[in-house]
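>>> here is a sequence together with a model predicted from it:
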Number of protein chains: 2
Amino acid sequence: MTTIKEVARRAGVAPASVTRALSGHPNVSEELRQRVLAAVDEMGYKPDLLAAGLRRGSSLTVGIIVSDIINPYLAEVVNVLEMEFAKAGYSVLLANSHGDPRRDVENLQLLHQRRVDALAVMCVDERSPDLQVALARLGVPVVLLDREVAGYDAASCVVSDHYRSTYRMTEHLLDRGHEEILFITGPAGTTHAGRERMRGFTTAVENRGIEVRSDLIRASRAVAETGRQVIAELLDRDALPTAVVVGPNPFLPGVIQELHSRRIRVGQDVALASLDDTPLTELHQPPVTALFRSTEEMAQVAASLLLGQLSGTLRNPRTVVLPMELRLRPSTAPTAENILRSRAGRGRPSRRQQPAADAS
Amino acid sequence: MTTIKEVARRAGVAPASVTRALSGHPNVSEELRQRVLAAVDEMGYKPDLLAAGLRRGSSLTVGIIVSDIINPYLAEVVNVLEMEFAKAGYSVLLANSHGDPRRDVENLQLLHQRRVDALAVMCVDERSPDLQVALARLGVPVVLLDREVAGYDAASCVVSDHYRSTYRMTEHLLDRGHEEILFITGPAGTTHAGRERMRGFTTAVENRGIEVRSDLIRASRAVAETGRQVIAELLDRDALPTAVVVGPNPFLPGVIQELHSRRIRVGQDVALASLDDTPLTELHQPPVTALFRSTEEMAQVAASLLLGQLSGTLRNPRTVVLPMELRLRPSTAPTAENILRSRAGRGRPSRRQQPAADAS
DNA sequence: TTGAAAGCGCTAACAA
DNA sequence: TTGTTAGCGCTTTCAA
């Protein structure tokens, strides 16, 4: 690697002048600038960012902590964040916790040691005391995405309006006569998003004077297999409710697949809704009711909050709440009554053995 | 931030002794070690990795260059790579080229400046001369995933066997009587994977004595919209062949959606096959024939090649070819003849106005 | 076994 | 406007 000293010697100037010429310092003679740039070009010199970062006390680096990048929703957020930060000259250090809360803390410390200038956090468990301590010690701007850490207001937050939107979706199902609704969600209470979704669901049910049945609420890690298992288990017991609400993104394929393989027709033998809008919800036949939100917007807002704090434009952390949109589709068209009638007409769903009738 | 000096003072030793105690240096008295560890604990000291990297000449960092992380396949590879590198103590710097070959080069230089110890490359365009020059200058181990740079053998390569597998899939379609096959693929020839797929397709066709029709080969950037456009355009001209092969991952939803909305039934009015296996191929009704490969295996092999070179276990770069699996599903069951008969029975596909007949 | 000193490559303060 | 000097925090000689 060429160093600044070698460039300086070649150009016949001091190292500091090389820095000045390259960084657009105001007081540099045109002639010196030209000589330096020529030498830089000839030698293919690129400053060592490690050394520059050490000296300057800032690494031009932003850390991203992700609970599990398997989740396409998070992958898309990371994608947009990286783009926004790259535009502003920051590189991205990506740390994935793979669903393990201890990794959240390890990753946070590691990124701290790498002297990231800012941090975007989509951790597994926002309630972890270790994480909260580590966050408080961090000393750089932080933005939490769909997370909120109680008693720690030094961070900006960008959250979707999960409470309101889940409430509305639940109401929609209640309006169609569903009194038993299966609610499949992520790990219990570890994130703001998870808690708000749960609260939206239970509040809507209770407000109708219906008792919340804890056996119909399933919380577990967001991996595909879970969706399938939950449905299989309920069908084995002949206990599938008339409506199913699926939370995290990765559950949906498993749920649909298990329903298919048991010949339960979505939108006829069961109403199905998703709290995340994915390509699958729209492409499925029939299309699946879902809550839509712009991942792009969320990531852009988060990035601009961080960049604002980094540039000094934004003094204090802020919380931004983004709306979600209820997209009604045929999967939730039928009423509970119609579903029960349909099931009766076909015999008990879990016992049926006749071949699929999907072909048109 | 606590520095090593402060820890040293607190423990009553020299800074160098702190380093030795923490790095497991052989010649350190147990008593000194204990004193240092106590001080480290009390003060919550964590070494500054920027400074350590500068001094040591290695950053404990691995760079990943991705053509477009929108592609779920690449996202999964990144996910596994990150996991493997994290296990070995390396952090990941992620750089996304967003489909722009110039960004490949910029990203490469940037990661170089950040003194990554190794690099995993899934670039947009492997043929770019600038990229090749920059790669050659890099001086750290490199692994190319599904890429190959002509005349540059300093890098390891991990490639899937796209030629053979695409050849076999094409043969499968030819066996079923398809003589006109639409081939939708990524940017022409910019990557090894793309070229091999193309070669597999055209060779299979030519080997049957059938002329390759260039108007049925569509190459463009792997974004969802393209799939829809290609299908729409052909249907508008009433020129949809009996079989369609879809290459990159992101095309498939658009293709399926456009077929749906035009009431072309997959597996009845057209045979459909995908060169990537995604959740959609299996969940679609009917399921879609696809080439399967293990992203996990590819990423793990790539990571172990790099880590082997980093640790000195592996002396020379290596090329590894991974097999792919042809998964036959109902979408390619019908013969060309049956498809033509089906179309004739329903009138010209692009003109039909009657409602969907999907419901079972 | 431990400490002192030098220096990785860069930039900012100060001096000229 | 430019050069000199010092030092970011760490690790690695070298000497004791």
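Looks like it came in fine.

>>> how close does the residue in chain A that DNA strand C sits nearest to sit to A:Y45?
Of all residues in chain A, the one sitting closest to DNA strand C is A:I4 (2.8 Å; Cβ to the nearest atom of the strand). Heads up, the C-betas are built off the backbone N, CA and C, glycines and all. Taken as Cβ to Cβ, to the nearest Å, the spacing of A:I4 relative to A:Y45 amounts to 7 Å.

>>> joint contacts of the two?
Between them, A:I4 and A:Y45 share no neighbouring residue, with contact defined by Cβ atoms under 8 Å, 6 or more residues apart in numbering or on different chains.

>>> run through the stretch 151-300 of chain A and note the low-pLDDT ranges.
Applying pLDDT under 70 to the stretch 151-300 of chain A flags no residue at all.

>>> hmm, try it at 80
A:222-224 (pLDDT under 80).

>>> doesn't A:V321 belong to a helix?
No. Applying DSSP: H, G, I helix; E, B strand; the rest coil, one finds A:V321 to be strand, outside a helix.

>>> so A:A134 sits right up against A:R102, yeah?
No. Using Cβ atoms under 8 Å, A:A134 makes no contact with A:R102, being 11.8 Å away.

>>> okay, these two: which has more neighbours?
Between A:A134 and A:R102, counted using other Cβ atoms under 10 Å in any protein chain shown, A:A134 has the larger neighbour count: 19 against 13.

>>> check contacts around the more buried one.
Residues in contact with A:A134 (Cβ under 8 Å, 6+ apart) are A:105, A:108-109, A:112.

>>> what helix or strand is it on?
Take DSSP states H and E as the rule and A:A134 turns out to sit in helix A:129-138.

>>> chain center to that helix: distance?
Counting by Cα atoms, centre = their mean, to the nearest Å, helix A:129-138 is centred 21 Å from the centre of its parent chain.

>>> ditto for stretch A:221-236
Using Cα atoms, centre = their mean, the mean C-alpha position of stretch A:221-236 is found 22 Å from that of the whole chain.

>>> list the contacts of that stretch.
Outside of stretch A:221-236, the residues that reach it under the criterion Cβ under 8 Å, 6+ apart are A:68, A:70-71, A:99, A:182, A:184, A:186-187, A:218, A:220, A:240-241, A:244, A:246-259, A:262, A:264, A:349-350, B:279.

>>> tell me the residues of chain A that contact DNA strand C?
A:1, A:3-5, A:15-16, A:18-19, A:22-23, A:45, A:47-48, A:51-52, A:54-56 (Cβ under 7 Å from any atom of the strand).

>>> identify the residues contacting the most centrally placed residue in chain A.
For chain A, the residue lying nearest the average C-alpha position, counting by Cα atoms, centre = their mean, turns out to be A:L74 (3.8 Å). Contact analysis of A:L74 by Cβ under 8 Å, 6+ apart lists A:66-68, A:122.

>>> quick one: name the residues of the stretch 51-200 of chain A near DNA strand D.
Contact residues (Cβ under 7 Å from any atom of the strand) of the stretch 51-200 of chain A with DNA strand D: A:51, A:54-55, A:57.

>>> quick one: the strands in chain A?
Here chain A has its strands, by DSSP state E, at A:61-66, A:91-96, A:118-122, A:142-145, A:156-160, A:181-185, A:217-219, A:243-246, A:271-274, A:289-292, A:319-322, A:325-327.

>>> out of these, which gets nearest to B:L94?
When the strands of chain A are ranked by proximity to B:L94, the top entry is strand A:91-96, at 4.5 Å, counting by Cβ to Cβ.

>>> highest neighbour count among the contacts of A:A134?
Neighbour tally across the contacts of A:A134 (other Cβ under 10 Å): the maximum, 27 neighbours, falls on A:L108.

>>> what about that residue, distance to B:L328?
For A:L108, the distance to B:L328 (Cβ to Cβ) stands at 47 Å.

>>> now A:A204
From A:A204 across to B:L328, the span is 46 Å (Cβ to Cβ).

>>> which of these two has more residues huddled nearby?
For A:A204 against B:L328, the residue with the higher neighbour count under other Cβ under 10 Å is A:A204, and the figures read 22 against 13.

>>> for stretch A:206-215, output the C-alpha coordinates as PDB.
Extracted C-alpha coordinates of stretch A:206-215, given in PDB (Å, rounded to 0.1, in the frame of the first residue of the first chain):
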ATOM      1  CA  GLU A 206     -62.100  -7.500  24.600                       C
ATOM      2  CA  ASN A 207     -63.800  -4.400  23.400                       C
ATOM      3  CA  ARG A 208     -66.400  -6.700  21.800                       C
ATOM      4  CA  GLY A 209     -67.000  -8.400  25.200                       C
ATOM      5  CA  ILE A 210     -65.300 -11.500  24.000                       C
ATOM      6  CA  GLU A 211     -62.900 -13.400  26.200                       C
ATOM      7  CA  VAL A 212     -59.300 -13.700  24.900                       C
ATOM      8  CA  ARG A 213     -58.400 -17.300  24.700                       C
ATOM      9  CA  SER A 214     -54.800 -17.800  25.600                       C
ATOM     10  CA  ASP A 215     -54.800 -21.200  23.900                       C
END
